[in-house]
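Asks: compute the structure for the input listed below.
(chains A and B)
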Amino acid sequence: MSRILKHRLFWPVVVLVALLLLNLVFTDGFFRIEMKEGHLYGSLIDIFRFGAPLILVATGMTLVIATSGIDLSVGSVVAIAGALACMRISDLSDQNSVAGVLSAVGIALVLSVVLGLWNGFLVAGIGIQPIIATLILMVAGRGLAQLITDGQITTVQSSSYKLIGGGYWLTLPFGIIIVAVVLALTAFLTRRLALGLLIESVGGNAEASRLAGISARGVLIMVYAFCGLCAGIAGLMISSNVSSADGNNAGLWIELDAILAVVIGGTPLSGGRFSLSGTVLGALIIQTLTTTIYSIGVPPETTLLFKALVVTIVCLIQSPAFRAKVFHRRRRPVPASTAPEEKVRVSA
Amino acid sequence: MTGITGLLDRRRTVPQKYIPVLVTAGLFVAMFVAGGIRYENFATGQIILNVFIDNAFLLVVAVGMTFVILTGGIDLSVGSVVALATMLSASLLKDGWPAFAVMALVLVIGAVLGLAMGAIIHYFEIQPFIVTLAGMFLARGLCYTISTESIPIDNPTFTDIAQTRINFGGDLSVTPSALIAVAVVLIAAYVLHYTRLGRNVYATGGSEQSALLMGLPVARTKIAVYTISGFCSALGGLLFAFYSLSGYGLSAVGMELDAIAAVVIGGTLLTGGSGFLLGTVLGVLVLGLIQTIISFEGTLSSWWTKIFIGLLLFVFILLQRVFSGGSRRRAP
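Replies: Predicted coordinates:
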């Protein structure tokens, strides 16, 4: 029992289950999953489907945060990728042609990687603090996205493009499959190969890992490029789901949700370690929260209050200091011995 | 003995620590001169005063942000608190509250919000980024709870303050808001450099562990800086209300990023412990001057404005990095 309690994903799971239970009480048929015309339907599937872009962005963000960096530009990259893909498709003579859509998607993803490389170059090459380095693209990127679409909301009628964010494959929404593939690849690369270790060591101490023979610069640039790629895919999903590109509002504030998901999942912003499963859990909590807000009928004006409340609760119960101070008040010696240890580890 | 080494140390470090601020000042002057050459009627004193007038609220908010960043923290809630302050004043004034009671209440609420966030950050050891992000959601949510519409302000005290102009002779004039902002800067500079609290802020940012071991009141300092930031945001919100004469839940979206950018352009390190308030002032002036230049250019679409601000931010940070040398470079 105590081992379960100590597991780092215990509290996020508790919160997710609590949110789902809330839905069980307040929403009829929340857990019903139906088969309609060969597709799976249901609120749970919807949580995965609409949460897919957030999970993707948060996956890239996890690796960036593991190197003790941060990427504020993902929202802008989301907008740029969607804008570029939609513009290329709307220029096609036949918007349904698979080759045309594939080339548009390819170009958008290449641009996303290039934008990620730019961030990585600023951080690792020039040595600008990550939050500022990515702030540049966050500000300029929105402008770029609007420049691409000429300030308009570009709509496309392409069934092949629609597949990415709104289509189905093997009874499942296609977005879920993309996320599963990206996650599996990331998990394989970081946990089965040494890459994860390298990322964590760069996050722990970049200078020390460089002296130990790790190409800290290379790792950093790669991580930002990967984050850009994830944001690009998410941007394609978001724009494909609504068959249009909105340079101003697509992916607005998704960077904050993604950072929140990463932190809720137990990856510290100070870097040095990360948890992919935690991030997925964190993103699911945020998406479930959004779905819950709509399904139990919280008035739209107060959704942000509700969100602030849940975020605060999640972060508080995850904080060892909070648990020590509030839950173990009677057993004084326990917090006294754990608290200093925690502090030393944090500041080290 | 220690005196001599201290003196030697100081001789070596004094020029170094002023370099980022000097670089920013130099770039500001260069931009001003370039603008003066390129546009007619640009190189006047009133242009600089207008930058102060149009950015008084940002200046006040950035002052609060400087305190937080100097301790190595960050405050993402400032933009929302600014919006909350405009919203609260507008709705309370509409209900017939006296203007000064409204101002006092708004300032107290801002400070209490900052105090609460600071307490959570310190006592429960949760990262400032996350706590203030939750604070940002909370304040923005409170705005929408008050109203989703824009509320106009027609209180005579507020409109008087908005319309008053203080003449300096010649064609130069400023608004009371700009003077309030300058006063806030002066008080904050005094607090940072000549009081115990200021010393503690720098010490905590330099190394929290060392500050703790030295017996400095780290808890009080950390909570104090977030309280100051909350107070400054609320005051910035009041100035914003004077400026726009309305309260709107969607105003000042993203202002936290402007404030952070201003602080960083001013040469303050996000890791804490190093930086000056004068740098922040210059940072705000640079951001304001960028906007002035763009409005002088006239023909730029709104998206080009964003691209230019991003580009200039980049050039700025790059130049600063080049001029201040590799010593401030973080690993790698």
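Asks: nearest to chain A: which residue in chain B?
Replies: When scored by Cβ to the nearest Cβ, chain B has residue B:310 as its residue closest to chain A, at 2.5 Å. Where C-beta positions appear, they are placed from N, C-alpha and C, glycine not excepted.
Asks: surely that residue and residue A:134 touch.
Replies: No: look at residue B:310 against residue A:134 with Cβ atoms under 8 Å: they stay out of range, at 10.9 Å.
Asks: in terms of neighbours, single out the busier of the two.
Replies: Remark: of residue B:310 and residue A:134, residue A:134 carries more neighbours, 31 against 22, as counted by other Cβ atoms under 10 Å in any protein chain shown.
Asks: so for the more buried one, what's the pLDDT?
Replies: pLDDT for residue A:134: 92.
Asks: can you pull the contacts of it?
Replies: By Cβ atoms under 8 Å, 6 or more residues apart in numbering or on different chains, the residues touching residue A:134 are A:70-73, A:119, A:122-123.
Asks: and the helix or strand where residue B:93 lies, what's buried?
Replies: Element membership of residue B:93, judged by DSSP states H and E, is helix B:78-94. For helix B:78-94, burial by neighbour count (16 or more other Cβ atoms under 10 Å in any protein chain shown) applies to B:78-93.
Asks: so what's residue 94 up against?
Replies: All of this refers to chain A. residue A:100 are the contacts of residue A:94 under Cβ under 8 Å, 6+ apart.
Asks: my question was about chain B
Replies: Counted by Cβ under 8 Å, 6+ apart, residue B:94 has contacts residue B:151.
Asks: how much space between it and residue B:238?
Replies: According to Cβ to Cβ, to the nearest Å, residue B:94 stands 16 Å off from residue B:238.
Asks: then residue A:173?
Replies: The spacing between residue A:173 and residue B:238, counted by Cβ to Cβ, is 48 Å.
Asks: again with residue B:34
Replies: Applying Cβ to Cβ to residue B:34 and residue B:238 gives a distance of 35 Å.
Asks: return the set of buried residues in stretch B:44-55.
Replies: B:47-55.
Asks: rounded mean pLDDT for it, please.
Replies: Averaged across stretch B:44-55, the pLDDT comes to 89.
Asks: with stretch B:300-307 instead?
Replies: 78.
Asks: can it be found next to chain A?
Replies: Yes: applying Cβ under 8 Å from any Cβ of the partner chain, one finds stretch B:300-307 in contact with chain A at B:301-307.
Asks: next structured bit after the helix holding residue B:93?
Replies: Per DSSP H and E, the first helix or strand lying C-terminal to helix B:78-94 is helix B:99-123.
Asks: re the thing from before, compare neighbour counts for residue B:34 and residue B:238 and give me the winner.
Replies: Shown here are residue B:34 and residue B:238; by other Cβ under 10 Å, residue B:238 has more neighbours (26 against 13).
Asks: strands of chain A, start to end?
Replies: A:34-36, A:39-41, A:153-155, A:168-169, A:172-173, A:244-246 (DSSP state E).
Asks: mean confidence (pLDDT) on the second one, please.
Replies: Spelled out, that is strand A:39-41. Here the average pLDDT along strand A:39-41 is 76.
Asks: just the residues contacting that strand, thanks.
Replies: Residues outside strand A:39-41 that contact it (Cβ under 8 Å, 6+ apart): A:33-35, A:168, A:171-173.
Asks: so which bits of stretch B:69-77 are buried?
Replies: Of all the residues in stretch B:69-77, those buried under the rule 16+ other Cβ under 10 Å are B:69-77.
Asks: CA atoms of it as CSV?
Replies: C-alpha atoms of stretch B:69-77 as CSV (Å, rounded to 0.1, in the frame of the first residue of the first chain):
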residue,chain,number,x,y,z
ILE,B,69,12.8,37.9,-11.1
LEU,B,70,15.6,39.2,-8.9
THR,B,71,14.7,36.4,-6.4
GLY,B,72,14.8,33.9,-9.3
GLY,B,73,11.0,33.6,-9.5
ILE,B,74,8.5,34.6,-12.1
ASP,B,75,5.0,36.0,-12.0
LEU,B,76,2.7,35.1,-14.9
SER,B,77,-0.4,36.5,-13.2
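Asks: distance from the chain centre to that stretch, please.
Replies: 11 Å (Cα atoms, centre = their mean, to the nearest Å).
Asks: stretch A:128-146 now?
Replies: Its chain's C-alpha centre and that of stretch A:128-146 lie 18 Å apart, by Cα atoms, centre = their mean.
Asks: next one: stretch A:89-97
Replies: In terms of Cα atoms, centre = their mean, the centre of stretch A:89-97 is found 30 Å from the chain centre.
Asks: what does stretch A:239-251 give?
Replies: Between the centre of stretch A:239-251 and the centre of its chain there are 17 Å (Cα atoms, centre = their mean).
Asks: returning to that earlier point: would you format the buried residues of stretch B:44-55 as JSON lines with secondary structure and distance to chain A included?
Replies: Output for the buried residues of stretch B:44-55, formatted as JSON lines (DSSP: H, G, I helix; E, B strand; the rest coil; distance: Cβ to the nearest Cβ, whole Å):
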{"residue": "B:47", "secondary structure": "helix", "distance to chain A": "23"}
{"residue": "B:48", "secondary structure": "helix", "distance to chain A": "24"}
{"residue": "B:49", "secondary structure": "helix", "distance to chain A": "26"}
{"residue": "B:50", "secondary structure": "helix", "distance to chain A": "22"}
{"residue": "B:51", "secondary structure": "helix", "distance to chain A": "19"}
{"residue": "B:52", "secondary structure": "helix", "distance to chain A": "23"}
{"residue": "B:53", "secondary structure": "helix", "distance to chain A": "23"}
{"residue": "B:54", "secondary structure": "helix", "distance to chain A": "18"}
{"residue": "B:55", "secondary structure": "coil", "distance to chain A": "17"}
